[in-house]
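*Asks:* Dropping a prediction and its sequence here:
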Amino acid sequence: MKDKLIFATGNPNKVRETGQILRDYMEVISMKDIGATEDIPETKPTLEGCALQKARYLATHYKVNCFSEDTGLEVDALDGAPGVITARYAGPEKNADANMALLLKNLGNNPNRGAQFRTIIALILNGEEHLFEGIVRGRISHQKEGTGGFGYDPVFIPEGHDSTFANLPAEVKHGISHRSRALAKLVSFLESRK
């Protein structure tokens, strides 16, 4: 019998991708599956703060073991922006195309395209809080490439590859992504507690 954990996110893409990555270890339950439909606030100034804020909300209001994650795209030439506001970079609508357009505009022809995706997972298990970090370095392309994935995947080329996340097969992305690296630490931690 697989363990079940509630994922404190309203993003169905994240639930699907995380469920695929963790399918051999645990069952990922969405907020919707437990009747939680509210938009959890993300008002903290750091990825760690936002991840904990979401997990604490679910643990407090629904009395469940849960985890949350917050991911930021941190671009070297933009002093780490968009960072904690990655999803809302171009506005509160969380429009991926608008976000990518603004990012490419702000970078312009800057030759420094270095960037990283950083994911923080906050786990609340039996009232205890734990944080796990996953990072993948790469660079920002000059234009959108590919139709897979979600968010900034069409403009992020991970180290060791010549293609954006959006052009890579899902199993390749899942093997190297920031989210999968943070999730591997989460799984290792949960396995060590059995």
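*Replies:* Yes, it's here. None of these values were measured; they are calculated from a predicted model.
*Asks:* elements contacting the one helix or strand residue 27 maps to?
*Replies:* Using DSSP states H and E, residue 27 sits in strand 26-30. Where contact means 3 or more CB pairs under 8 Å, 6 or more residues apart in numbering; DSSP states H and E, strand 26-30 is packed against strand 3-7, helix 12-22. C-beta coordinates here come from the backbone N, C-alpha and C atoms, glycine included.
*Asks:* which one of those lies closest to residue 73?
*Replies:* helix 12-22 (14.5 Å; CB to CB).
*Asks:* And the contacts of that closest one?
*Replies:* Residues outside helix 12-22 that contact it (CB atoms under 8 Å, 6 or more residues apart in numbering): 7, 9, 27-28, 30, 69, 150-151, 170, 174, 179-180, 183, 187.
*Asks:* Try it again at 6 Å.
*Replies:* 7, 28, 30, 150, 174, 180, 183 (CB atoms under 6 Å, 6 or more residues apart in numbering).
*Asks:* If you tally nearby residues, what's the number for the residue nearest to the fourth one when sequence neighbours are not counted?
*Replies:* Counting by CB to CB, 6 or more residues apart in numbering, the nearest residue to residue 150 once its immediate chain neighbours are dropped is residue 13, at 4.3 Å. A total of 13 residues lie near residue 13 under the criterion other CB atoms under 10 Å.
*Asks:* Quick check: the gap between residue 13 and residue 153.
*Replies:* Computed as CB to CB, to the nearest Å, the residue 13 to residue 153 distance reads 10 Å.
*Asks:* beta partners for the residue nearest the centre of the chain?
*Replies:* Centroid-nearest residue in the chain, with CA atoms, centre = their mean: residue 71, separated by 3.9 Å. Counting by DSSP bridges, residue 71 is bridged to residue 119.
*Asks:* Could you count how many residues lie near residue 83?
*Replies:* 17.
*Asks:* Could you check the pLDDT of residue 68?
*Replies:* At residue 68, the model reports a pLDDT of 95.
*Asks:* oh sorry, the question was meant for residue 128
*Replies:* 95.
*Asks:* partner residues bridging it?
*Replies:* residue 125.
*Asks:* Looking at pLDDT only, which of the contacts of helix 12-22 scores worst?
*Replies:* Ranking the contacts of helix 12-22 by pLDDT, residue 174 lands last with 86.
*Asks:* which residues touch that one?
*Replies:* 21, 180.
*Asks:* and with 8 Å instead?
*Replies:* 17, 20-21, 180.
*Asks:* Got a PyMOL select line for the buried ones in those?
*Replies:* Only the buried members of these end up in this PyMOL selection, burial being decided by 16 or more other CB atoms under 10 Å:
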select buried, resi 17+21+180
